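Undergrad: Only the shape, not the letters, is given here:
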């Protein structure tokens, strides 16, 4: 089991001062934190390094956060995404959850709440990975794949 | 031109214009709230970081004291930005309450600059201004002109390539003052993406005594304000 220091978090927000300050605070709470300032940078980042949890803003220049979330879930579905926005609507929240977003928080969010959500998201990622391993070990995964292929 | 108050236009001739005005005010409120909230969120994190530093270190640590000092300066700057935004929003509201004031075109643009800058930033554009001097006294409603500039600029920026520089210029002509929106990028890439229907803005402009024209090449937009006679 990973220690808190090993939880890798990527913060994505175009508000540079906000995101850098938040990163500093999360680092002081023993998380490994990287920051990027727009959607394309985030997608580029996850091609090279896999964070456990992404904290993602919605309204950013270039690519909207919902589109970034869609792309992340398409290519790296195991990464957990928490939306942290100052401008999110109910429709945004619904869409984000539909796409597989872990949670939806409003800015300014309490640091303890955000930290708790990051840990929860990481825990869920871990549990999913463990489940996948367990299935694979029992051979159920392979059997399931055969059945799916047969049905196709 | 007779004095015109946006909030008291008759529904017969100006209902479409009134609807447009309401939509633009909605957009302004949304921009204002978004930007103010960003400042508040940053302030909250900054004050939280200050608290974290104080909790984790002894205050005799010079390095940490310098860090705290920098943080307090950054917070002070943020408060300044947020306050100027609140002032701009307040000014806009005051002009809506009292439209019968002399129309200073440069002041109208400068008054909404925090919102124009936000729109430009959202579209990944840079913004530049070039104000003409000694513009003729103009006729028209200050806040209606601000709303028109805002919506036209929103459309203008939506149709530009990212990284372009949008320039807002004011100049005097023989009969009027002119505001020009231009960019260093090529012609509009996709004018279908523009958030404001062109026709609605034209109706709004005419109802308030302004003329809007768009150049075929390059898509520069001009707003002409008639001389006050």
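TA: Thanks, I have it. In this text the structure is predicted, and so the values were computed from the model without any measurement.
Undergrad: close to chain A, is the longest helix along chain B?
TA: Criterion DSSP state H: the longest helix present in chain B is helix B:11-56. Yes: remark: helix B:11-56 sits within contact range of chain A at B:30, B:33-34, B:37-38, B:40-46, B:48-49, B:52, B:56, by Cβ under 8 Å from any Cβ of the partner chain. Heads up, the C-betas are built off the backbone N, CA and C, glycines and all.
Undergrad: Out of the residues you listed, which end up buried?
TA: Applying 16 or more other Cβ atoms under 10 Å in any protein chain shown to those, the neighbour count classes B:34, B:37-38, B:40-46, B:48-49, B:52 as buried.
Undergrad: for stretch A:24-38, what is the average pLDDT?
TA: Across stretch A:24-38, the average pLDDT comes to 95.
Undergrad: ok, it near chain B or not?
TA: Yes: looking at stretch A:24-38 against chain B by Cβ under 8 Å from any Cβ, the contacts come from A:24, A:25, A:28.
Undergrad: could you dump those residues to a markdown table with distance to residue A:67?
TA: Shown next, in a markdown table, are the residues of stretch A:24-38 next to chain B (distance: Cβ to Cβ, whole Å):
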| residue | distance to residue A:67 |
| --- | --- |
| A:24 | 28 |
| A:25 | 28 |
| A:28 | 32 |
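Undergrad: Sort out which of these are in helices and list them.
TA: Among the residues of stretch A:24-38 next to chain B, the ones falling in helices (DSSP H) are A:24, A:25, A:28.
Undergrad: Would you mind writing the ChimeraX command to select the buried ones in those residues?
TA: Of these, the buried ones go into a single ChimeraX selection, burial set by 16+ other Cβ under 10 Å:
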select /A:24,25,28
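Undergrad: how many neighbours does residue 15 have?
TA: With no chain named, the answer covers chain A. Residue A:15 has 20 neighbouring residues, counting by other Cβ atoms under 10 Å in any protein chain shown.
Undergrad: oops, I was thinking of chain B
TA: A count of nearby residues for residue B:15, using other Cβ under 10 Å, gives 13.
Undergrad: just the one 3 residues further on next, same as before
TA: Neighbour count of residue B:18, defined by other Cβ under 10 Å: 17.
Undergrad: Please state the offset of the helix or strand hosting residue B:107 from the chain centre?
TA: Element membership of residue B:107, judged by DSSP states H and E, is helix B:105-111. Put simply, helix B:105-111 sits 9 Å off its chain's centre (Cα atoms, centre = their mean, to the nearest Å).
Undergrad: residues in contact with the nearest residue to residue B:194 once chain neighbours are set aside?
TA: Distances taken as Cβ to Cβ, 6 or more residues apart in numbering or on different chains place residue B:155 nearest to residue B:194, at 4.1 Å, with adjacent residues excluded. Neighbour list for residue B:155: B:194, B:195, B:196, B:198, B:201, B:221 [criterion: Cβ atoms under 8 Å, 6 or more residues apart in numbering or on different chains].
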